[in-house]
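Enquirer: Turn this into a model:
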Amino acid sequence: MKDYLLDLVKHTVDLGSIDTVKIVGDQTTTKINGLAEDLSVLLQGQYTNAVPDFIGTFGMPNLAKLKTLLNLEEYREDAKLTITKKDTGEPTGIKFENKVGDFRNNYRFMSSDVITVKLQTAVMKPVTWNIDFEPTVASIQRLGWQMLANSEEITFQVRTENGDLKFFFGDHSTHAGDFVFHNRVTGQLKRAWTYPAKTIMSVLGLSGDKTFKISDEGVAQITIDSGIAIYNYILPAFTK
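Expert: Sure thing, here's the model as predicted:
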């Protein structure tokens with residue numbers, strides 16, 4: 001179970017904007033849903049294999065605390081992690097215990113009713129993806145360089161030009177920058193869309209194989225396959 005939890009916090013807490021997730025699990029699937037407090041990112045994910053310990057519907061709040069517990073030296077080797085449950089079988093939390101049993105912590109889940117209310121707006125409607133590609137390490141690095149060169153800009157525009165996907169920073173009447181993020185994409189965007197630079201870069205900086213999709217309906221999606229789970233990060237474009 002620890003590997004599943006470590007993978008989850010790596011792909012939520014390390015993003016810097018998602019600190020609570022909803023888990024919905026049964027014998028065949030274990031789904032993950034999350035939403036940034038500022039509504040900048042919607043997370044819809046699923047473990048590659050169903051997690052037997054995560055059967056039920058419950059919330060994991062304060063994921064930063066969960067990350068801290070998972071990485072404490074006392075729990076690094078041969079720790080015992082146990083899912084606590086009510087008499088009804090509803091999961092209530094995780095009991096941490098070190099190898100010799102003299103160092104313990106409890107991490108508390110949210111009930112299904114509470115987490116369902118908290119994340120009730122986390123719904124993604126079907127969209128048509130106009131652009132679909134796998135971003136390269138070099139392109140992600142180049143995005144980082146443009147963000148450094150245009151550190152005063154919190155957003156950038158995404159457009160297709162002559163078959164290439166290009167990112168534009170700033171206003172060309174003053175300081176500005178642009179570059180080709182991906183050559184020869186299939187499809188095109190009929191208009192420019194604006195996205196938060198830091199959020200996009202934070203998602204692209206997470207570990208795993210990545211797929212980047214953009215829709216002319218004003219939404220982007222970055223999918224990351226960590227090998228343990230598949231995480232879909234859905235990002236609405238900024239509208240003026």
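Enquirer: contacts and neighbour counts: CA atoms only from here.
Expert: OK.
Enquirer: Please pull up the helix or strand immediately following the helix or strand of the chain with the lowest mean pLDDT.
Expert: Within the chain, no helix or strand scores below helix 112-118, which has a mean of 89 by mean pLDDT, DSSP states H and E. Toward the C-terminus, helix 112-118 is succeeded by strand 131-133 as the next helix or strand (DSSP states H and E).
Enquirer: Put the alpha carbons of the next helix or strand after that following strand into PDB.
Expert: Beyond strand 131-133 on the C-terminal side, the first helix or strand identified by DSSP H and E is helix 137-149. Extracted in PDB, the C-alpha atoms of helix 137-149 (Å, rounded to 0.1, in the frame of the first residue of the first chain):
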ATOM      1  CA  VAL A 137      12.100  16.600 -22.400                       C
ATOM      2  CA  ALA A 138      13.800  19.300 -24.600                       C
ATOM      3  CA  SER A 139      10.500  21.100 -25.100                       C
ATOM      4  CA  ILE A 140       9.700  21.100 -21.400                       C
ATOM      5  CA  GLN A 141      13.200  22.500 -20.700                       C
ATOM      6  CA  ARG A 142      12.700  25.200 -23.300                       C
ATOM      7  CA  LEU A 143       9.400  26.200 -21.700                       C
ATOM      8  CA  GLY A 144      11.300  26.600 -18.400                       C
ATOM      9  CA  TRP A 145      13.800  28.800 -20.100                       C
ATOM     10  CA  GLN A 146      11.100  31.100 -21.500                       C
ATOM     11  CA  MET A 147       9.500  31.300 -18.100                       C
ATOM     12  CA  LEU A 148      12.800  32.400 -16.700                       C
ATOM     13  CA  ALA A 149      13.300  34.900 -19.400                       C
END
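Enquirer: Show me what counts as buried in helix 137-149.
Expert: By 16 or more other CA atoms under 10 Å, the buried positions in helix 137-149 come out as 140, 143-144, 146-147.
Enquirer: which secondary structure elements does that helix contact?
Expert: Helices and strands touching helix 137-149, as assessed by 3 or more CA pairs under 8 Å, 6 or more residues apart in numbering; DSSP states H and E, comprise strand 176-182, helix 197-204.
Enquirer: quick one: contacts of it?
Expert: 153, 169, 177-178, 181-182, 197, 201, 204-205 (CA atoms under 8 Å, 6 or more residues apart in numbering).
Enquirer: After that helix, which helix or strand is next?
Expert: Taking DSSP H and E, what comes next after helix 137-149 is strand 155-161.
Enquirer: packing partners for that next one?
Expert: Using 3+ CA pairs under 8 Å, 6+ apart, strand 155-161 is in contact with strand 164-170, strand 193-196, helix 197-204.
Enquirer: Buried residues in stretch 155-175, which are they?
Expert: Those would be 155-160, 164-170, for stretch 155-175 by 16+ other CA under 10 Å.
Enquirer: any idea how far that stretch is from the chain center?
Expert: Taking the mean of its C-alpha atoms, stretch 155-175 sits 25 Å from the chain's own mean (CA atoms, centre = their mean, to the nearest Å).
Enquirer: I'd like the buried residues of stretch 155-175 as a markdown table, with pLDDT and distance to Val24 appended.
Expert: Compiled in a markdown table, those are given as follows (pLDDT from 0 to 100; distance: CA to CA, whole Å):
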| residue | pLDDT | distance to Val24 |
| --- | --- | --- |
| Thr155 | 95 | 34 |
| Phe156 | 96 | 35 |
| Gln157 | 96 | 36 |
| Val158 | 97 | 34 |
| Arg159 | 96 | 37 |
| Thr160 | 97 | 38 |
| Asp164 | 97 | 39 |
| Leu165 | 98 | 36 |
| Lys166 | 98 | 38 |
| Phe167 | 98 | 37 |
| Phe168 | 96 | 39 |
| Phe169 | 96 | 39 |
| Gly170 | 92 | 42 |
